[in-house]
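Student: Predicted model follows, preceded by the sequence.
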4 protein chains.
Amino acid sequence: MPVPAPVLYPPFNIVRLSHVEYRVTDLDRSRAFYVDTLGLQITHEEPGLLMLRAMEERGHHCIILREAKAADVAVLGFKLFDQPDLERAAAFFAGKGLPVDWVERPFQGRTLLTRDPWGIPLEFYVKMDRLEPIHQSYKLYSGVRPLRIDHFNMFASDVDAAVAFYNEMGFRVTEYTEDAETGRIWAAWMHRKGGVHDVAFTNGRGPRLHHSAFWVPTPLNIIDLLDLMSTTGWVDNIERGPGRHGISNAFFLYIRDPDGHRIEIYCSDYQTVDPDLEPIKWDLKDPQRQTLWGAPAPRSWFEEGSLFDGADVAEPVLKAQPIVAP
Amino acid sequence: MPVPAPVLYPPFNIVRLSHVEYRVTDLDRSRAFYVDTLGLQITHEEPGLLMLRAMEERGHHCIILREAKAADVAVLGFKLFDQPDLERAAAFFAGKGLPVDWVERPFQGRTLLTRDPWGIPLEFYVKMDRLEPIHQSYKLYSGVRPLRIDHFNMFASDVDAAVAFYNEMGFRVTEYTEDAETGRIWAAWMHRKGGVHDVAFTNGRGPRLHHSAFWVPTPLNIIDLLDLMSTTGWVDNIERGPGRHGISNAFFLYIRDPDGHRIEIYCSDYQTVDPDLEPIKWDLKDPQRQTLWGAPAPRSWFEEGSLFDGADVAEPVLKAQPIVAP
Amino acid sequence: MPVPAPVLYPPFNIVRLSHVEYRVTDLDRSRAFYVDTLGLQITHEEPGLLMLRAMEERGHHCIILREAKAADVAVLGFKLFDQPDLERAAAFFAGKGLPVDWVERPFQGRTLLTRDPWGIPLEFYVKMDRLEPIHQSYKLYSGVRPLRIDHFNMFASDVDAAVAFYNEMGFRVTEYTEDAETGRIWAAWMHRKGGVHDVAFTNGRGPRLHHSAFWVPTPLNIIDLLDLMSTTGWVDNIERGPGRHGISNAFFLYIRDPDGHRIEIYCSDYQTVDPDLEPIKWDLKDPQRQTLWGAPAPRSWFEEGSLFDGADVAEPVLKAQPIVAP
Amino acid sequence: MPVPAPVLYPPFNIVRLSHVEYRVTDLDRSRAFYVDTLGLQITHEEPGLLMLRAMEERGHHCIILREAKAADVAVLGFKLFDQPDLERAAAFFAGKGLPVDWVERPFQGRTLLTRDPWGIPLEFYVKMDRLEPIHQSYKLYSGVRPLRIDHFNMFASDVDAAVAFYNEMGFRVTEYTEDAETGRIWAAWMHRKGGVHDVAFTNGRGPRLHHSAFWVPTPLNIIDLLDLMSTTGWVDNIERGPGRHGISNAFFLYIRDPDGHRIEIYCSDYQTVDPDLEPIKWDLKDPQRQTLWGAPAPRSWFEEGSLFDGADVAEPVLKAQPIVAP
């Protein structure tokens, strides 16, 4: 098995992915997408800035939208278990020769800002402002009824190395695709919070963010979103789906925000809390790993992604993925 | 408006589409598809022959599968309102110089066998054997939980002429696609029973049967069928979908039986019983008429269809449909 | 079988139930219920009056709410097939010695106003103002996503007689409950438009309107409505359900409007267009006829109903229904 | 706040609830319920014994059914994180003066058998036999499509004390009901695995098991189960629901197995992995805490439960719960 053994006692305790900050070029248009169409709730706004949460989240924000000249990803955020984990995390990154900055974030407090070895900007905090529950305020539900942020998916130029690094931080592999010819990992899904993933890596020009995902109650909510987007001017922002992933078994839809940032709407994966959960291996040649039902993905889905601020993109270790033409 | 005015008092009273007889080349394989996978119920079987009904039907059969050397469509069946309608139907077809044969059909009684002007074999009857209700025998539900046969969709070489003929029989147009350049009808959906259609015609080499459709309870049953087909060896028989049609607003899936006969799984169109229901016109250039969500259909879906026994196929009046490549 | 044979060629052609006019005592509160909570669309409003349609209806209104000192039901409306049917209907009612008045209704034109033998005010028209389709304007969907008005259910003091009268008008019985002791009909469901019913009658002090019903896409929309009502101050207006009726097989919910008028939310009954459809008989002693799943209905559901304007209420022919206490 | 602060670093690491062993009096009848009706999968059987798992579980069993003279609950099982946790657990229980027995369980290995202070038999293990995934073997799905065991709910004679004890073991309170008059906890929901609960306690004669719960994909699966049970002889085993809990926000159904053991079918609660998740407090006088939609539960639901083998039942500290009569 090419995936590393899980680290049961990692150097610091990451609870879950927490939030992403997108730089966007037209905040009004982004608001129309994320708030009026997807149904995320505004928790803070000021000129040039919008902070949002999903319906069952009590933390202050899962998406930050900041108006900028060019669109990219400013940072990926993760929640740590306890205060000492912050110091341990700093020691971990410092020990790798990676940057360690302490910043005070609004609504989020003391935050460790760093980068992974490929330059992906990461931040860690322990306690974000907590808000009143709104998951039973059904009058507020709209759009796709987003419940919570679920995961980040990234292109990596060297997936084996990325998996090894995130594994060391305690992310555990649940499923992966192996390139049988080279024995290398083509893609891997890794979790902290007990679902199929908090982060995933796929071979490609990287680092780039392939997508952020939101969890919704049932496939019917995804169908509702498709109907809504199709009749409110967003039909061209529907990229792929609906479908069932072989990997993760999730029901999915991929859409693009006004700047091209890709959002996955996602439901029905499975519980992965067992530390002895055996990773499921898929063959790169099996088309059902991507779409259980066999429908091909469009070329854009394989090729396009969002840049990370300050991270240089490198060519992938493995040759281009064989795209199954429709 | 290029569609003809509805005939409120047609020459005979067709209640609804009733059944289709498919000739199939491997009855065991067809049984695996229609019974074990879709969940249709066997009401009669003998060597070389299988008769099926869906869960809420009380008539004896909606599909007849007959083993044969080559696959085609033997006949499309329709139910008439009352005995006098049979004689009136015979007079109507005889008056058009079309064949009129009387046959005794098992489980179906006295049946008028004829053809439309393009050679599509049609049969009409009044009273089929009636069976006990099984719609509340929930233990029997399986597969996609098919409730009833919903419609036939045909390629026609001259859709204007086909619509005029079926309109004269009392089928009323609910939606249609116009070729703006020629002012001709590209496709039309026509009903008797109060849904969007019992029959539909699309420009193409015809006559050929594009598909027969079954009504199911909700989109989730279609998702269940996709999951089932994908993991029981039928993934290559999934042709298109799931999706939402612009025309009819139905949630759909297209699959192919072992001989290539196309079956649509369909739900959630709308009630059309008002005789003054205004047909909805779609522009041939509007891609959302086919898929509200914008996903293109594969080439096979535009080009392939089942032959009707004894009917010669002609080239279409209108030029080939512009296929939107994925 | 105690139900009368269907009249295949009735004296005039009723297409379907069409609309109900409720008198309400607080129009703002009624608007909060029907528009803001259920999601019906306003098609006309003026002081003291609100007219609404559901999402797939193209006729101008299915509910009229008129502010009044006391709450009752002003009229039940039905759509006829063609202009001559209006005259035939007038002749039918006149021949029975029942009132025949011609009124000009806004948005509805020439209308025959009459009463059934028990005083229920009925009106018939042929062509209501037709509106643009909104069934694909998904931005407008809210609440329970009501698609169309489905049926009226009435308490009748003599169900046998009511069934005989409406049968003569062409309503066909689909299901009924028999009181085995007397051989009389306890309740009956009768249709024109191809579902289980346009009208139903149940033994009780009558005539009174038990409920009007709206068709929705799936059971999940009913669950959404329950969540919404429960968290927006309407929890006490939830009377019964959700559940599955044995009779009709429909998934249901009963709610009460601010004046106590009962509304059923309803989906998933079955197609009944066959003129030879055999009515399904239920035994009055079978508790599953009301709730397939066995849960009892509250006493209010058996006892309370809306009065019809100008109709005197009589005691029922049959003794009180055995209420199964929870 | 009367609930204790969460213990972030408990004496040993419980991953999740794992399994329950029910003693049943007629194994064939229990098989008809759990396997043929609910759709659980048999992983081992021998005379007098049946072991089952749900569709996404890779551990060998979540329910053990053992034929016996009388029905009760033999043990509740929990999975620990790592081998040292077993020793730490033994030390914890021994330190409390509670029994510590080491047993070798088939398919489960070395197991610590003990009791909580009220006599509930508990067992802990680290590694159960792991089976091949079947969550994508869609042909196997039937009944309610059970995905995984979700939680145990117990009557406790002293909920405050039970919460304190399980809190010390690391279970964290997510929601609770307070008896405002006494300031005591009436009921509490406590989790390890990141949902609303692994265990819950309600004031009552205890210890008794109120129910075990299974997670299913969507509310429609619960509706399917109701339809199935209602038409296959199990209608009297439906006890309460479907409904939405105020507490946990879950969609639920309660059914009784042939011996009266109560099973909850459950879906759509929320993620609780944040260690700083604030417990939600409900007032004992708020009827929506039990059923958001207001429908009352039957008396049996409040009063009946399964005995634990070898545990004496005590009267509750708090007076009987006010049952809202329907």
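Tutor: The structure has been received and is ready for your questions.

Student: quick one: the strands in the stretch 1-150 of chain A?
Tutor: With DSSP state E, counting those that start in this stretch, the ranges of strands along the stretch 1-150 of chain A come out as A:14-24, A:41-46, A:49-53, A:63-67, A:72-80, A:101-105, A:109-115, A:121-125, A:148-156.

Student: Using PDB, write out every CA atom in the last one.
Tutor: Included here for strand A:148-156 are C-alpha records, laid out as PDB according to Å, rounded to 0.1, in the frame of the first residue of the first chain:
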ATOM      1  CA  ARG A 148     -21.400  23.300   6.600                       C
ATOM      2  CA  ILE A 149     -18.200  23.600   4.800                       C
ATOM      3  CA  ASP A 150     -17.000  20.100   4.100                       C
ATOM      4  CA  HIS A 151     -13.500  20.000   2.500                       C
ATOM      5  CA  PHE A 152     -10.800  21.600   0.300                       C
ATOM      6  CA  ASN A 153      -9.500  19.800  -2.800                       C
ATOM      7  CA  MET A 154      -6.100  20.800  -4.300                       C
ATOM      8  CA  PHE A 155      -4.000  20.100  -7.300                       C
ATOM      9  CA  ALA A 156      -0.600  19.000  -6.100                       C
END
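
Student: What is that strand packed up against?
Tutor: strand A:14-24, strand A:199-203, strand A:208-215, strand A:262-267 (3 or more CB pairs under 8 Å, 6 or more residues apart in numbering or on different chains; DSSP states H and E). For every residue, glycine as well, the C-beta is placed using N, CA and C.

Student: Turn the strands of the stretch 1-150 of chain A into CSV, columns for distance to residue C:146, mean neighbour count and mean pLDDT.
Tutor: Formatted as CSV, the strands of the stretch 1-150 of chain A follow (distance: least, CB to CB, whole Å; neighbours: other CB atoms under 10 Å in any protein chain shown; pLDDT from 0 to 100):
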stretch, distance to residue C:146, mean neighbour count, mean pLDDT
strand A:14-24, 37, 23, 98
strand A:41-46, 26, 15, 98
strand A:49-53, 30, 22, 98
strand A:63-67, 33, 21, 98
strand A:72-80, 42, 22, 98
strand A:101-105, 45, 12, 98
strand A:109-115, 47, 18, 97
strand A:121-125, 45, 21, 98
strand A:148-156, 30, 25, 98
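
Student: Could you dump those strands into CSV and include distance to residue B:213?
Tutor: Listed next are the strands of the stretch 1-150 of chain A as CSV, based on distance: least, CB to CB, whole Å:
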stretch, distance to residue B:213
strand A:14-24, 43
strand A:41-46, 40
strand A:49-53, 41
strand A:63-67, 41
strand A:72-80, 45
strand A:101-105, 55
strand A:109-115, 55
strand A:121-125, 51
strand A:148-156, 35
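
Student: looking at those strands, which is closest to residue A:190?
Tutor: strand A:148-156 (9.2 Å; CB to CB).

Student: and that closest one, how far from the chain's centre?
Tutor: 1 Å (CA atoms, centre = their mean, to the nearest Å).

Student: Tell me which strands it pairs with, and in which orientation.
Tutor: strand A:199-203 (parallel), strand A:208-215 (antiparallel) (DSSP bridges).
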